[in-house]
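K.L.:
structure of the sequence below:
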Amino acid sequence: MYILLCDDGSFYTGSTKNLQSRLSQHFNGEGANHTKKHEPVKLLYAERFDRIDYAFNREKQIQRWSHAKKEALINQDFELLSKKAKKKFGDK
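P.N.:
Coordinates of the predicted model:
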């Protein structure tokens, strides 16, 4: 599972069995529609999984997150990440 920064400031979250190959596709304009329209700038974050279905499930989880929550993950700001998670469930 990985997160790319795109030229418009958006994040693209994906999963793959071969990160280097997939990154080459994105940077050559052969990746997902989002990265074709919003050119990827750099890889910001990646997690490794033993199984692709685990990576895919994590990708789908993160895709539902706000931009700010993704930034907290990328920056390894676990305190902010925890606060963002609590706000979603109405905790104080």
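
K.L.:
find me the pLDDT at the closest residue in space to residue 7 that isn't next to it in sequence, would you?
P.N.:
Using CB to CB, 6 or more residues apart in numbering and skipping the chain neighbours, the partner closest in space to residue 7 is residue 39 (4.5 Å). Just so you know, the C-beta spots here come from the backbone N, C-alpha and C atoms, and that holds for glycine as well. Note on residue 39: pLDDT of 93.

K.L.:
and residue 39, how far from residue 67?
P.N.:
According to CB to CB, to the nearest Å, residue 39 and residue 67 sit 18 Å apart.

K.L.:
look at those two and report which has more neighbours.
P.N.:
Taking other CB atoms under 10 Å, residue 39 and residue 67 do not tie; residue 39 has more neighbours (13 against 10).

K.L.:
helices of this structure, start to end?
P.N.:
All helices of the chain, identified by DSSP state H, fall at 19-27, 33-37, 52-63, 67-74, 78-88.

K.L.:
okay, those helices in TSV with distance to residue 12 next?
P.N.:
Output for those, formatted as TSV (distance: least, CB to CB, whole Å):
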stretch	distance to residue 12
helix 19-27	8
helix 33-37	5
helix 52-63	9
helix 67-74	10
helix 78-88	19
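
K.L.:
quick one, which of those is nearest to residue 9?
P.N.:
Distance to residue 9, taken as CB to CB, is lowest for helix 67-74 among those, at 8.5 Å.

K.L.:
buried set for the closest one?
P.N.:
69, 70, 71, 72, 73 (16 or more other CB atoms under 10 Å).

K.L.:
likewise stretch 11-25?
P.N.:
So for stretch 11-25, counting by 16+ other CB under 10 Å, buried means 11, 12, 13, 14, 15, 16, 19, 22, 23.

K.L.:
now stretch 23-34
P.N.:
Neighbour-count burial for stretch 23-34 flags 23, 26, 27, 31, 32, 34 (criterion: 16+ other CB under 10 Å).

K.L.:
got a pLDDT number for the fifth one?
P.N.:
Reported pLDDT at residue 32 in the predicted model: 91.

K.L.:
hang on, the earlier thing: and of the buried residues of helix 67-74, the nearest to residue 57?
P.N.:
Using CB to CB, residue 73 is the member of the buried residues of helix 67-74 that lies nearest residue 57, at 15.4 Å.

K.L.:
since that was my last question, I'll sign off now.
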